[in-house]
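**Student:** Got a predicted structure here, sequence first:
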Amino acid sequence: MTTVSMFEAKTNLSKYVSSVADKKEPYVVISRNGKPVAKIVPFAEDCSRRIGIAAGKLPQMADLEEFNAIDAEIGEDFYGKGALR
């Protein structure tokens with residue numbers, strides 16, 4: 001654990017973030033007027049896999065006709081009946 005002043009943290013923030021990210025330090029405490037006010041910690045979640053993060057969580061349209069029907073309904077709400085035909 002390292003404790004640094006606010007000025008030191010502002011001056012060398014990337015250095016402290018790198019040391020925490022590379023696991024050289026478990027965390028870094030930032031102090032103001034000698035009192036701890038913040039802590040830099042590594043991000044706990046594995047954020048390396050982002051594609052497909054919502055897979056299976058969203059409802060799917062049955063087919064293209066259902067989607068077009070909803071699209072036409074929304075168009076009628078905005079432009080009046082028969083506007084998108």
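**Tutor:** Looks like it came in fine. These figures come from a predicted structure and were not determined experimentally.

**Student:** Would you map out the domains in this structure?
**Tutor:** If you go by automatic domain parsing, the domain ranges for the chain are 2-40, 53-85.

**Student:** Comparing these, which comes out most buried?
**Tutor:** When the domains of the chain are scored by mean count of other CB atoms under 10 Å, the highest mean neighbour count falls to domain 2-40 (a mean of 13). Where you see a C-beta, it was placed from the backbone N, CA and C, and this is true even at glycine.

**Student:** Show me where this protein has its strands.
**Tutor:** In the chain, the segments counted as strands under DSSP state E are 2-5, 28-32, 35-40.

**Student:** Out of those strands, the one nearest residue 53 is which?
**Tutor:** Across these, residue 53 has its closest neighbour in strand 35-40 (25.2 Å, CB to CB).

**Student:** residues touching residue 40, list them.
**Tutor:** 16, 17, 20, 27, 28, 29, 30 (CB atoms under 8 Å, 6 or more residues apart in numbering).

**Student:** any idea of the pLDDT on the fourth one?
**Tutor:** With respect to pLDDT, residue 27 has a value of 94.

**Student:** thought it was touching residue 41?
**Tutor:** Yes. Using CB atoms under 8 Å, residue 27 is in contact with residue 41, at 4.7 Å.

**Student:** Overlap in contacts, the two.
**Tutor:** By the contact definition CB under 8 Å, 6+ apart, residue 27 and residue 41 are jointly contacted by residue 20.

**Student:** From one end of stretch 37-57 to the other, what's the distance?
**Tutor:** From its first residue to its last, stretch 37-57 covers 38 Å (CA to CA, to the nearest Å).

**Student:** contacting residues around residue 16?
**Tutor:** 2, 4, 9, 25, 28, 40.

**Student:** Break down this structure into its helices, ranges please.
**Tutor:** Using DSSP state H, the helices of the chain run over 6-11, 13-21, 64-79.

**Student:** May I see these organised as CSV, with mean pLDDT added?
**Tutor:** Converted to CSV, the helices of the chain look like this (pLDDT from 0 to 100):
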stretch, mean pLDDT
helix 6-11, 95
helix 13-21, 94
helix 64-79, 70
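
**Student:** Cheers, nothing more for now.
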